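Peer 1: Just the structure for this:
(2 chains, ligands or ions: 2)
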Amino acid sequence: MHFEFDIEAGDFSKVGYASSQLKKIMKQLVGDHKIVKRVVVALYEAEVNVVAHAYSGKVIIDINTDKIEIKVNDKGPGIPDIQLAMQEGYSTASEQVREMGFGAGMGLANIKNNTDEFYIKSEVGVGTSLTIIANLITE
Amino acid sequence: MKVKEVVEIISGELICCESMNEVEVQMGFASDLMSDVLTLDSENVLLITGLANLQAIRTAEMSDISCIVFARKKKISKEMIELAKESNIALIECSSSVFKAAGLLYAAGINPVY
Ligand SMILES: Nc1ncnc2c1ncn2[C@@H]1O[C@H](COP(=O)(O)OP(=O)(O)O)[C@@H](O)[C@H]1O
Ligand SMILES: [Mg+2]
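Peer 2: Residues are numbered from 1 along each chain as shown, chains lettered A, B, ... in the order given. Ligands and ions are numbered 1, 2, ... in the order given. Prediction:
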């Protein structure tokens, strides 16, 4: 199954829409609610990052029987030092973002923790692409 | 503990929704930082926060949190109620500080997440 959602940056009132839709879809398909929670938490933090740090973004979701793959691509300033950005506590978030309950530099690390595979690519001045993959079948 | 008992213990007001009165909560967590809340993997968690915005509701939705207490007289907006209804999340207003609400609920048997 294939789904796509647009993310408008700067619009904090809609952030979480894609994650919310995905949660509804996954609840129908995946019995293990811990997996559902891990995936939607990861996507939610990724959505927040687009709204907080980029200009606009797209979420592309592909669900198969054994795994889910989510791409979050944004147009934005990009990340100059990914290793630094991945460090817990590192954040360039604005005061506005912190007032929303984010901006403690925990997002990227938590996205990684909640998924089985995590890839991040970024080009300064162009944008950032995340790919997150989670297995849907627990052995 | 049931949501209606939580409301009683903290002298709060259940703003949304009546149908949530019988829902059980076992553990509590207090934070204004949603990224912190999103790291939890427990279930039946009650969140105490002073952050009254849509992100608190979305965070609860993603984290399977079924009850949020908004401490220090923070007001729950119409938009927050609409979103909470979609996901069956109880919203409680309370005039105590986060510290007092947490203390009262802890004393009454709500366990810490860690
Ligand atoms: N999509 C993005 N575009 C540009 N910069 C980003 C993006 N995502 C993350 N970053 C950078 O990485 C830092 C750390 O991100 P994260 O761990 O999610 O913490 P936070 O968002 O709380 O700052 C951000 O502060 C920002 O500098
Ligand atoms: Mg972030």
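
Peer 1: Around ligand 2, pick out the residues from chain B.
Peer 2: Applying the criterion Cβ under 5 Å from the ion, no portion of chain B neighbours ligand 2. Yep, even glycine has a C-beta here, placed from its N, CA and C like the rest.

Peer 1: go on, chain A?
Peer 2: Chain A has residues A:49, A:107 near ligand 2, with proximity defined as Cβ under 5 Å from the ion.

Peer 1: Next, see if the longest helix belonging to chain A gets close to ligand 1.
Peer 2: In terms of residue count, the longest helix belonging to chain A (DSSP state H) is helix A:33-53. Yes - applying Cβ under 6 Å from any ligand atom, one finds helix A:33-53 touching ligand 1 at A:49-50, A:52-53.

Peer 1: possible to save the residues you listed as JSON lines with distance to B:S77?
Peer 2: Below are those laid out as JSON lines (distance: Cβ to Cβ, whole Å):
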{"residue": "A:N49", "distance to B:S77": "25"}
{"residue": "A:V50", "distance to B:S77": "24"}
{"residue": "A:A52", "distance to B:S77": "21"}
{"residue": "A:H53", "distance to B:S77": "26"}
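
Peer 1: next helix or strand past the longest helix of chain A?
Peer 2: Next helix or strand after helix A:33-53 toward the C-terminus (DSSP states H and E): strand A:56-63.

Peer 1: on that earlier part again, other SSEs contacting the longest helix of chain A?
Peer 2: If you count contacts as 3 or more Cβ pairs under 8 Å, 6 or more residues apart in numbering or on different chains; DSSP states H and E, helix A:33-53 packs onto strand A:2-8, helix A:17-29, strand A:56-63, strand A:67-75, helix A:107-113, strand A:127-135, helix B:54-62.

Peer 1: quick one, that helix and helix A:17-29 angle?
Peer 2: For helix A:33-53 against helix A:17-29, the angle by axes from the mean of the first three to the mean of the last three Cα atoms, to 10 degrees is 170 degrees.

Peer 1: for the residue sitting nearest the centre point of chain A, what are its contacts?
Peer 2: By Cα atoms, centre = their mean, the mean C-alpha position of chain A lies nearest to A:A46, the distance being 2.2 Å. Neighbouring residues of A:A46 by Cβ atoms under 8 Å, 6 or more residues apart in numbering or on different chains: A:59, A:70, A:72, A:107, A:111, A:130, A:132.
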